[in-house]
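Participant: Could you work out the structure for the sequence below:
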Amino acid sequence: MPFNHFNIIKQEVLQRLQADLPAWMIYHDTSHTLDVLEQSERIAATENITDTEDLFLLKTAALYHDTGFINVYKGHEEVGCEIAVEMLGKYSFNDRHLDTVCGMIMATKLPQQPKNKLEQIIADADLDYLGRPDYYPKADALQKEFLREKMIATEADWIRLQISFLEGHRYFTATNKTLRLPLKNERIKELKALLQRH
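Facilitator: Residues are numbered from 1 along each chain as shown. Reported below is the predicted structural model:
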(Lines give C-alpha, C1' and ligand atoms only; values in the text may rest on other atoms or scores of the structure.)
Protein backbone atom coordinates (compact mmCIF):
# COMPACT_ATOMS: atom_id res chain seq x y z
CA MET A 1 0.00 0.00 0.00
CA PRO A 2 1.24 3.49 -0.82
CA PHE A 3 0.88 4.77 2.77
CA ASN A 4 3.70 7.25 2.28
CA HIS A 5 1.78 8.86 -0.58
CA PHE A 6 -1.08 10.12 1.60
CA ASN A 7 0.15 13.71 1.86
CA ILE A 8 0.67 13.84 -1.91
CA ILE A 9 -2.84 12.44 -2.49
CA LYS A 10 -4.27 14.95 0.00
CA GLN A 11 -2.55 17.88 -1.68
CA GLU A 12 -3.67 16.72 -5.12
CA VAL A 13 -7.33 16.34 -4.10
CA LEU A 14 -7.48 19.66 -2.25
CA GLN A 15 -5.87 21.50 -5.15
CA ARG A 16 -8.37 19.98 -7.56
CA LEU A 17 -11.32 20.89 -5.31
CA GLN A 18 -10.08 24.47 -4.91
CA ALA A 19 -9.56 24.82 -8.67
CA ASP A 20 -12.69 23.07 -9.96
CA LEU A 21 -15.53 23.41 -7.41
CA PRO A 22 -18.00 26.19 -8.31
CA ALA A 23 -17.56 29.35 -6.20
CA TRP A 24 -21.20 29.17 -5.04
CA MET A 25 -20.55 25.84 -3.34
CA ILE A 26 -19.93 27.18 0.16
CA TYR A 27 -20.91 24.12 2.20
CA HIS A 28 -19.41 21.34 0.06
CA ASP A 29 -16.05 23.08 -0.13
CA THR A 30 -12.51 22.14 0.87
CA SER A 31 -13.16 23.01 4.52
CA HIS A 32 -15.97 20.41 4.60
CA THR A 33 -13.64 17.80 3.10
CA LEU A 34 -11.00 18.58 5.73
CA ASP A 35 -13.65 18.43 8.46
CA VAL A 36 -14.81 14.98 7.30
CA LEU A 37 -11.18 13.84 7.24
CA GLU A 38 -10.64 15.11 10.79
CA GLN A 39 -13.88 13.60 12.12
CA SER A 40 -13.14 10.27 10.39
CA GLU A 41 -9.79 10.09 12.19
CA ARG A 42 -11.37 11.09 15.51
CA ILE A 43 -14.15 8.50 15.29
CA ALA A 44 -11.76 5.79 14.07
CA ALA A 45 -9.51 6.36 17.09
CA THR A 46 -12.44 6.06 19.50
CA GLU A 47 -13.82 3.03 17.67
CA ASN A 48 -10.40 1.30 17.99
CA ILE A 49 -9.61 1.21 14.27
CA THR A 50 -5.85 0.65 14.46
CA ASP A 51 -5.09 -1.22 11.23
CA THR A 52 -2.79 0.99 9.13
CA GLU A 53 -4.38 -0.05 5.85
CA ASP A 54 -7.92 0.56 7.09
CA LEU A 55 -6.99 4.03 8.37
CA PHE A 56 -5.24 4.91 5.13
CA LEU A 57 -8.24 3.85 3.03
CA LEU A 58 -10.66 5.67 5.36
CA LYS A 59 -8.68 8.90 5.15
CA THR A 60 -8.39 8.54 1.36
CA ALA A 61 -12.16 8.03 1.03
CA ALA A 62 -12.77 11.10 3.21
CA LEU A 63 -10.68 13.19 0.82
CA TYR A 64 -12.53 11.92 -2.27
CA HIS A 65 -16.06 11.64 -0.89
CA ASP A 66 -17.28 14.94 -2.40
CA THR A 67 -15.03 15.26 -5.45
CA GLY A 68 -18.02 14.37 -7.65
CA PHE A 69 -19.43 17.85 -6.95
CA ILE A 70 -16.85 19.09 -9.44
CA ASN A 71 -19.10 17.66 -12.19
CA VAL A 72 -22.62 17.22 -10.77
CA TYR A 73 -24.72 18.13 -7.73
CA LYS A 74 -27.15 15.21 -7.61
CA GLY A 75 -25.50 11.81 -7.88
CA HIS A 76 -22.07 13.19 -7.02
CA GLU A 77 -21.09 10.06 -5.06
CA GLU A 78 -20.94 7.83 -8.14
CA VAL A 79 -18.91 10.47 -9.97
CA GLY A 80 -16.65 10.78 -6.92
CA CYS A 81 -15.93 7.05 -7.18
CA GLU A 82 -15.01 7.46 -10.82
CA ILE A 83 -12.66 10.34 -10.01
CA ALA A 84 -11.08 8.35 -7.15
CA VAL A 85 -10.48 5.31 -9.36
CA GLU A 86 -9.00 7.51 -12.08
CA MET A 87 -6.72 9.52 -9.78
CA LEU A 88 -5.64 6.71 -7.46
CA GLY A 89 -4.60 4.38 -10.27
CA LYS A 90 -1.11 5.87 -10.27
CA TYR A 91 -0.60 5.12 -6.55
CA SER A 92 -0.63 1.29 -6.68
CA PHE A 93 -4.17 0.89 -5.36
CA ASN A 94 -5.44 -2.57 -6.28
CA ASP A 95 -9.07 -3.40 -7.09
CA ARG A 96 -9.87 -4.36 -3.49
CA HIS A 97 -8.51 -1.05 -2.19
CA LEU A 98 -10.47 0.90 -4.79
CA ASP A 99 -13.65 -1.07 -3.99
CA THR A 100 -13.18 -0.27 -0.30
CA VAL A 101 -12.71 3.44 -0.99
CA CYS A 102 -15.72 3.53 -3.33
CA GLY A 103 -17.81 1.65 -0.77
CA MET A 104 -17.05 4.37 1.76
CA ILE A 105 -17.79 7.17 -0.70
CA MET A 106 -21.16 5.55 -1.50
CA ALA A 107 -21.87 5.17 2.24
CA THR A 108 -22.19 8.98 2.40
CA LYS A 109 -25.07 8.91 -0.12
CA LEU A 110 -28.45 9.75 1.39
CA PRO A 111 -30.18 7.89 2.86
CA GLN A 112 -27.01 6.50 4.38
CA GLN A 113 -26.75 2.69 4.34
CA PRO A 114 -23.22 1.76 5.48
CA LYS A 115 -22.37 -1.93 5.25
CA ASN A 116 -19.34 -2.17 7.58
CA LYS A 117 -17.50 -0.33 10.35
CA LEU A 118 -15.39 1.88 8.06
CA GLU A 119 -18.48 2.90 6.10
CA GLN A 120 -20.27 3.69 9.37
CA ILE A 121 -17.39 5.91 10.44
CA ILE A 122 -17.31 8.00 7.26
CA ALA A 123 -21.12 8.25 7.21
CA ASP A 124 -21.05 9.66 10.74
CA ALA A 125 -18.10 11.94 9.94
CA ASP A 126 -19.92 13.40 6.92
CA LEU A 127 -22.92 14.45 9.03
CA ASP A 128 -21.01 15.05 12.26
CA TYR A 129 -22.01 18.73 12.30
CA LEU A 130 -25.68 17.84 12.92
CA GLY A 131 -24.82 17.36 16.59
CA ARG A 132 -22.23 20.10 16.98
CA PRO A 133 -22.33 23.72 18.19
CA ASP A 134 -21.50 24.92 14.64
CA TYR A 135 -24.67 23.35 13.20
CA TYR A 136 -26.34 26.65 12.29
CA PRO A 137 -23.52 28.27 10.25
CA LYS A 138 -22.97 24.96 8.42
CA ALA A 139 -26.71 24.58 7.78
CA ASP A 140 -26.93 28.18 6.51
CA ALA A 141 -24.22 27.47 3.96
CA LEU A 142 -26.02 24.30 2.83
CA GLN A 143 -29.31 26.20 2.59
CA LYS A 144 -27.73 28.65 0.13
CA GLU A 145 -26.61 25.73 -2.06
CA PHE A 146 -30.12 24.23 -1.96
CA LEU A 147 -31.64 27.58 -2.94
CA ARG A 148 -29.18 27.88 -5.83
CA GLU A 149 -30.12 24.38 -6.99
CA LYS A 150 -33.85 25.17 -6.55
CA MET A 151 -34.25 22.25 -4.11
CA ILE A 152 -36.14 24.62 -1.77
CA ALA A 153 -37.95 27.92 -2.33
CA THR A 154 -38.51 29.47 1.11
CA GLU A 155 -37.10 29.60 4.63
CA ALA A 156 -40.08 27.55 5.86
CA ASP A 157 -39.32 24.89 3.21
CA TRP A 158 -35.77 24.69 4.54
CA ILE A 159 -36.82 24.39 8.18
CA ARG A 160 -39.34 21.65 7.36
CA LEU A 161 -36.68 19.82 5.34
CA GLN A 162 -34.19 20.09 8.19
CA ILE A 163 -36.66 18.76 10.77
CA SER A 164 -37.54 15.83 8.53
CA PHE A 165 -33.88 15.16 7.79
CA LEU A 166 -32.72 15.35 11.41
CA GLU A 167 -35.58 13.14 12.59
CA GLY A 168 -34.81 10.55 9.90
CA HIS A 169 -31.06 10.65 10.41
CA ARG A 170 -29.21 8.25 12.71
CA TYR A 171 -25.63 7.98 13.82
CA PHE A 172 -24.12 4.52 13.41
CA THR A 173 -21.07 4.55 15.68
CA ALA A 174 -21.22 4.37 19.46
CA THR A 175 -18.84 7.34 19.44
CA ASN A 176 -21.24 9.72 17.72
CA LYS A 177 -24.33 8.35 19.41
CA THR A 178 -22.72 9.39 22.68
CA LEU A 179 -21.04 12.60 21.59
CA ARG A 180 -23.35 14.10 18.95
CA LEU A 181 -26.87 12.69 19.40
CA PRO A 182 -27.89 14.81 22.44
CA LEU A 183 -27.20 18.13 20.71
CA LYS A 184 -28.77 16.91 17.46
CA ASN A 185 -31.97 16.21 19.39
CA GLU A 186 -31.85 19.75 20.80
CA ARG A 187 -31.60 21.10 17.24
CA ILE A 188 -34.85 19.30 16.32
CA LYS A 189 -36.70 21.01 19.18
CA GLU A 190 -35.25 24.41 18.23
CA LEU A 191 -36.20 24.01 14.57
CA LYS A 192 -39.76 22.97 15.45
CA ALA A 193 -40.10 26.09 17.60
CA LEU A 194 -38.66 28.17 14.75
CA LEU A 195 -41.12 26.71 12.25
CA GLN A 196 -44.05 27.82 14.40
CA ARG A 197 -42.87 31.41 13.95
CA HIS A 198 -42.93 31.12 10.13
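
Participant: Leaving out sequence neighbours, find the closest residue to the residue nearest the centre of the chain.
Facilitator: Compute the mean C-alpha point of the chain, and by Cα atoms, centre = their mean the closest residue is residue 126, 2.7 Å away. Distances taken as Cβ to Cβ, 6 or more residues apart in numbering put residue 108 closest to residue 126, at 4.5 Å, once the chain neighbours are dropped. The way it works is simple: take the backbone N, C-alpha and C, and place the C-beta from them, glycine included.

Participant: The one you found and residue 95, how far apart?
Facilitator: 21 Å (Cβ to Cβ, to the nearest Å).

Participant: again, but for residue 77
Facilitator: According to Cβ to Cβ, residue 77 and residue 95 sit 19 Å apart.

Participant: Compare those two (neighbour count), which wins?
Facilitator: Taking neighbours as other Cβ atoms under 10 Å, residue 77 and residue 95 compare with residue 77 leading, 20 against 8.

Participant: Low-confidence bits of the chain, can you list those?
Facilitator: Within the chain, the ranges that satisfy pLDDT under 70 run 1-3.

Participant: what about the helices in it?
Facilitator: Using DSSP state H, the helices found in the chain span residues 6-20, 30-46, 52-64, 76-88, 95-106, 117-126, 135-148, 155-168, 174-179, 181-196.

Participant: Can you give me the neighbour number for the nearest residue to residue 33 once chain neighbours are set aside?
Facilitator: Using Cβ to Cβ, 6+ apart and skipping the chain neighbours, the partner closest in space to residue 33 is residue 66 (5.9 Å). By other Cβ under 10 Å, 25 other residues sit near residue 66.
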